[in-house]
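Participant: coords please:
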Amino acid sequence: MYAISLGDDGAELRPLEPWRAEEFLAHIDRGREYIGQFIALPDAVTDLESSRAYLRSYAEKAAADAGGIHGIWRDGELVGGVLLRTMDLGQGTAEAGCWLEPSAVGRGLVTRAARVLIDWAVRERGVHRVEWQVAAANQASIAVARRLGMRKDGVLRESYVYRGKRHDIEIWSVLAAEWRAAGQGS
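Facilitator: Modelled structure (predicted):
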């Protein structure tokens with residue numbers, strides 16, 4: 001197992017593997033309402049079995065070189081995560097995402113963790129374009145996309161039905177050449 005330091009505040013990025021299902025569920029339970037404002041993760045992870053299945057699905061994506069999930073730990077406690085929801089190496093594309101529980105908000109953890117993940121995708125796996133899809137009302141996530149040097153490509157109007165309501169989804173992206181030119185990551 002490995003851990004990547006995210007700075008000198010005790011924050012680390014680690015693989016979020018199926019054997020961590022109980023810890024993952026406890027984390028989701030702590031932030032269920034906050035995390036669920038814009039993403040369906042808390043709806044998918046409701047008990048130990050669904051927690052294990054969710055993490056197993058990302059372990060299978062990692063094994064197929066088609067995505068992956070990493071947790072953000074602060075002082076030894078899981079407080080959030082970043083993921084490559086999709087990764088298509090043939091097309092050179094990936095979609096990154098994130099979540100945090102309330103206790104971890106405002107510390108720059110997602111930005112730092114996403115930089116590590118995107119840098120790995122671009123520099124190690126040869127991904128050409130990394131996308132960030134976000135509900136237009138999720139200003140915190142949009143701010144992360146900006147800090148990562150992403151550009152807003154457009155809006156998919158009312159394209160996402162979540163909890164019975166249609167939401168606009170903004171598409172943000174960064175191209176590998178832009179990522180390298182900005183000196184992002186390593």
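Participant: show me where pLDDT drops low in this structure?
Facilitator: Applying pLDDT under 70 to the chain flags the ranges 1, 185-186.
Participant: if we go to 50?
Facilitator: Counting by pLDDT under 50, the chain shows no low-confidence range.
Participant: for it, identify the residue most remote from the centre.
Facilitator: For the chain, the residue at maximal distance from the C-alpha centroid (C-alpha atoms, centre = their mean) is G164, at 23.6 Å.
Participant: that residue and A140, how far apart?
Facilitator: Here G164 is placed at a distance of 23 Å from A140 (C-beta to C-beta, to the nearest Å). Backbone N, C-alpha and C define where each C-beta goes, glycine included.
Participant: cool, and A62?
Facilitator: In terms of C-beta to C-beta, A62 sits 27 Å off from A140.
Participant: next one: D168
Facilitator: 16 Å.
Participant: and the residue nearest to R125 when sequence neighbours are not counted, how many neighbours?
Facilitator: Closest residue in space to R125, ignoring its immediate chain neighbours: L89 at 6.3 Å, by C-beta to C-beta, 6 or more residues apart in numbering. For L89, the neighbour count with other C-beta atoms under 10 Å is 14.
Participant: quick one: the helices in this structure?
Facilitator: With DSSP state H as the criterion, the chain has helices at 21-35, 41-44, 48-63, 109-119, 139-147, 176-181.
Participant: these: which one's closest to D75?
Facilitator: Ranking these by their distance to D75 (criterion: C-beta to C-beta) puts helix 109-119 first, at 11.7 Å.
Participant: that closest one packs against which elements?
Facilitator: Here helix 109-119 touches strand 11-15, strand 68-74, strand 77-88, strand 93-100, helix 139-147, going by 3 or more C-beta pairs under 8 Å, 6 or more residues apart in numbering; DSSP states H and E.
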